[in-house]
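Colleague: Model the following, please.
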Amino acid sequence: MKKLFKLAVVLLMTLTMFGCSGTTDEQEEPEAKVYKVAFILPFIGDQSYFDTVNAGRLLVEEYDNVETTLIEAGDDTSKWESIMTDACEAGYDLIVSGNNTYESYLYAAAAAYPDQLFFNFDYTKSEDLPNVYSVTYNTAELGYVAGTLASLITTSDMEKANPDKKIGVIIGMDIPAMNEFIGGFCQVATELGVQVFIGSPESFVDAAKGKEIALNMYNEGVDVIWQVAGAVGIGIFEAAAEADKYALGVDQDQYAQLIDSQPALAATIVASMAKNCDLAVKRAVDFLISGEYPSGNETLGIAQGGVGLIANDYYKQLVPETIRTQVDEVLGKVTAGEVQVFSVLADPDGWQAVKDAAVAAK
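Modeller: Below is the predicted model:
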């Protein structure tokens with residue numbers, strides 16, 4: 001009798017355990033990880049560089065398992081240290097920031113918070129920290145392609161091209177990181193016998209100054225100007241519209257960006273040379289989600305999709321096929337490594353000679 005009683009107790013306890021725990025099929029799935037990513041930028045709305053990074057934020061925001069926060073820190077660098085600290089304390093899975101003006105605050109925060117992951121979307125002075133992944137872009141290659149297109153335009157019979165072989169480029173500031181854009185530009189212009197006009201408003205926001213410099217270039221016989229100056233570009237496009245000349249955009253498809261709001265300015269933009277920060281952001285977040293987040297530095301060129309020409313429908317309509325074919329051939333050669341593109345950052349001592357040759361070309 002006692003044995004039967006003990007057996008009944010054991011059976012009751014077993015049934016009770018199964019009743020409480022349920023079957024494997026009835027167990028709740030573990031909650032999926034949601035990755036929280038902060039983007040710290042000085043501002044958006046420049047219709048160029050920082051907007052491209054923000055476009056990357058919007059790309060990953062569409063992921064089901066990613067939440068993003070945009071922090072517009074302003075261009076007052078005295079506030080950046082505390083803003084970075086607050087972001088580190090907030091517990092984000094990844095902090096995205098960068099640019100030569102602001103990256104020092106990223107690296108300082110990364111050193112202070114070694115468990116926090118960072119993505120420097122555009123480094124110039126990298127620091128070897130295990131919690132930081134940094135990329136830069138082969139803007140020398142981008143400049144070579146822009147210089148090729150501009151040189152072919154000025155030597156063509158396109159409607160707004162005059163007999164002078166003159167092209168222009170306006171960079172935001174005369175610093176190595178910006179000159180890297182125009183080393184290849186000057187190199188190929190000299191190879192094609194075209195004279196280069198170079199200007200800088202020493203600003204990325206002074207559109208009025210950019211317009212003034214651009215008008216002076218157009219008055220000197222320049223047919224096309226490549227703008228590499230952020231929000232200053234609006235002034236350059238205004239000058240192109242007034243002078244009835246051509247312009248080239250930068251960072252993203254600036255024709256598409258302006259065609260609805262300012263069609264007269266958009267009509268001046270033959271093509272844009274993309275610095276694909278948006279795709280680099282997506283790439284970094286994909287690494288994060290995969291659990292394979294890297295550290296160290298990487299250069300993204302044409303072959304890696306880091307930079308390239310945006311050949312939209314307007315470009316195909318406006319630019320003769322013979323020119324487009326030549327540009328495509330150059331893109332292929334650069335991608336294949338068949339062209340040795342001059343780099344200002346790699347050869348700073350050689351930059352003055354390359355620049356002088358382009359400015360003096362006849």
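
Colleague: CA atoms for contacts and neighbours, from now on please.
Modeller: Noted.

Colleague: remind me which residues of the stretch 1-150 of the chain are low pLDDT?
Modeller: By pLDDT under 70, the weakly predicted segments of the stretch 1-150 of the chain are 1-30, 126.

Colleague: which residues of it fall in helices?
Modeller: 2-21, 49-61, 80-89, 103-112, 139-154 (DSSP state H, counting those that start in this stretch).

Colleague: and those helices, which is most packed in?
Modeller: Compared across the helices of the stretch 1-150 of the chain, helix 139-154 shows the largest average neighbour count, a mean of 27 (mean count of other Cα atoms under 10 Å).

Colleague: list the helices and strands that one packs on?
Modeller: Secondary-structure packing of helix 139-154 (3 or more Cα pairs under 8 Å, 6 or more residues apart in numbering; DSSP states H and E): strand 166-171, helix 176-191, strand 224-228, strand 269-275, strand 307-310, helix 321-335.

Colleague: Show me the one of the ones you listed that comes nearest Thr68.
Modeller: strand 269-275 (21.9 Å; Cα to Cα).

Colleague: The closest one: partners in the sheet, and parallel or antiparallel?
Modeller: Neighbouring strands of strand 269-275 in its sheet, by DSSP bridges, are strand 246-250 (parallel), strand 307-310 (antiparallel).

Colleague: and the ones you listed as TSV, adding mean neighbour count and distance to Ile44?
Modeller: Below are these laid out as TSV (neighbours: other Cα atoms under 10 Å; distance: least, Cα to Cα, whole Å):
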stretch	mean neighbour count	distance to Ile44
strand 246-250	28	16
strand 307-310	23	21
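
Colleague: Next, the contact list for Tyr35, please.
Modeller: Residues near Tyr35 by Cα atoms under 8 Å, 6 or more residues apart in numbering: 65-67, 92-94, 289.

Colleague: Distance check, it against Val285.
Modeller: Noted for Tyr35: a distance of 9 Å to Val285, by Cα to Cα, to the nearest Å.

Colleague: related to what we said a few turns ago, out of the contacts of Tyr35, who's the most crowded?
Modeller: Leu94 (23 neighbours; other Cα atoms under 10 Å).

Colleague: List the beta-bridge partners for that one.
Modeller: Val37.

Colleague: Touching, it and Ala38? I think so.
Modeller: Yes: assessed by Cα atoms under 8 Å, Leu94 is found in contact with Ala38 at 6.4 Å.

Colleague: what does the domain assignment say about this protein?
Modeller: Domains of the chain are assigned by automatic domain parsing as 35-137, 140-274+307-360.

Colleague: Kindly reformat the helices of the stretch 1-150 of the chain as CSV containing distance to Glu298.
Modeller: Below are the helices of the stretch 1-150 of the chain laid out as CSV (distance: least, Cα to Cα, whole Å):
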stretch, distance to Glu298
helix 2-21, 50
helix 49-61, 17
helix 80-89, 23
helix 103-112, 16
helix 139-154, 13
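
Colleague: so which of the ones you listed comes closest to Pro176?
Modeller: helix 139-154 (11.4 Å).

Colleague: so the closest one versus helix 176-191, what angle?
Modeller: For helix 139-154 against helix 176-191, the angle by axes from the mean of the first three to the mean of the last three Cα atoms, to 10 degrees is 40 degrees.

Colleague: Now do helix 139-154 and strand 224-228, the angle between them.
Modeller: Helix 139-154 and strand 224-228 meet at an angle of 160 degrees, taking the same axes, to 10 degrees as the criterion.

Colleague: ok so, going back, any idea which of the domains of the chain is most buried?
Modeller: Comparing those by mean count of other Cα under 10 Å gives domain 140-274+307-360 as most buried, with a mean of 21.

Colleague: related to what we said a few turns ago, distance to Asp174 added to the contacts of Tyr35, as TSV?
Modeller: Formatted as TSV, these follow (distance: Cα to Cα, whole Å):
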residue	distance to Asp174
Asn65	42
Val66	38
Glu67	37
Tyr92	36
Asp93	36
Leu94	32
Ile289	38
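
Colleague: Tell me which entries of those residues lie within strands.
Modeller: Mapping the contacts of Tyr35 onto strands (DSSP state E) picks out 66-67, 94.

Colleague: would you turn those into JSON lines with distance to Phe204?
Modeller: Shown next, in JSON lines, are those (distance: Cα to Cα, whole Å):
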{"residue": "Val66", "distance to Phe204": "31"}
{"residue": "Glu67", "distance to Phe204": "30"}
{"residue": "Leu94", "distance to Phe204": "27"}
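
Colleague: Relative to Met217, which of those is nearest.
Modeller: Among those, Leu94 lies closest to Met217 (Cα to Cα), at 43.9 Å.

Colleague: Mind giving me the packing neighbours of the helix or strand encompassing Ala241?
Modeller: Taking DSSP states H and E as the criterion, Ala241 maps to helix 233-243. With contacts taken as 3+ Cα pairs under 8 Å, 6+ apart, helix 233-243 sits against helix 207-219, strand 224-228, strand 246-250, helix 263-266.

Colleague: Just send these back as CSV, with mean pLDDT too.
Modeller: Below are the helices and strands packed on helix 233-243 laid out as CSV (pLDDT from 0 to 100):
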stretch, mean pLDDT
helix 207-219, 98
strand 224-228, 97
strand 246-250, 97
helix 263-266, 97
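
Colleague: for these, which one sits closest to Asp356?
Modeller: Of all the helices and strands packed on helix 233-243, helix 207-219 comes closest under Cα to Cα, at 17.2 Å.

Colleague: can I get the CA coordinates of that closest one in PDB?
Modeller: This file holds the C-alpha atoms of helix 207-219, laid out as PDB (Å, rounded to 0.1, in the frame of the first residue of the first chain):
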ATOM      1  CA  ALA A 207      26.900  80.000 -50.400                       C
ATOM      2  CA  ALA A 208      27.300  83.700 -51.200                       C
ATOM      3  CA  LYS A 209      31.000  83.500 -51.300                       C
ATOM      4  CA  GLY A 210      30.900  80.300 -53.300                       C
ATOM      5  CA  LYS A 211      28.600  82.100 -55.800                       C
ATOM      6  CA  GLU A 212      31.100  85.000 -56.100                       C
ATOM      7  CA  ILE A 213      34.000  82.700 -56.700                       C
ATOM      8  CA  ALA A 214      32.100  80.700 -59.300                       C
ATOM      9  CA  LEU A 215      30.900  83.800 -61.200                       C
ATOM     10  CA  ASN A 216      34.500  85.000 -61.500                       C
ATOM     11  CA  MET A 217      35.500  81.600 -62.900                       C
ATOM     12  CA  TYR A 218      32.700  81.600 -65.400                       C
ATOM     13  CA  ASN A 219      33.600  85.100 -66.400                       C
END
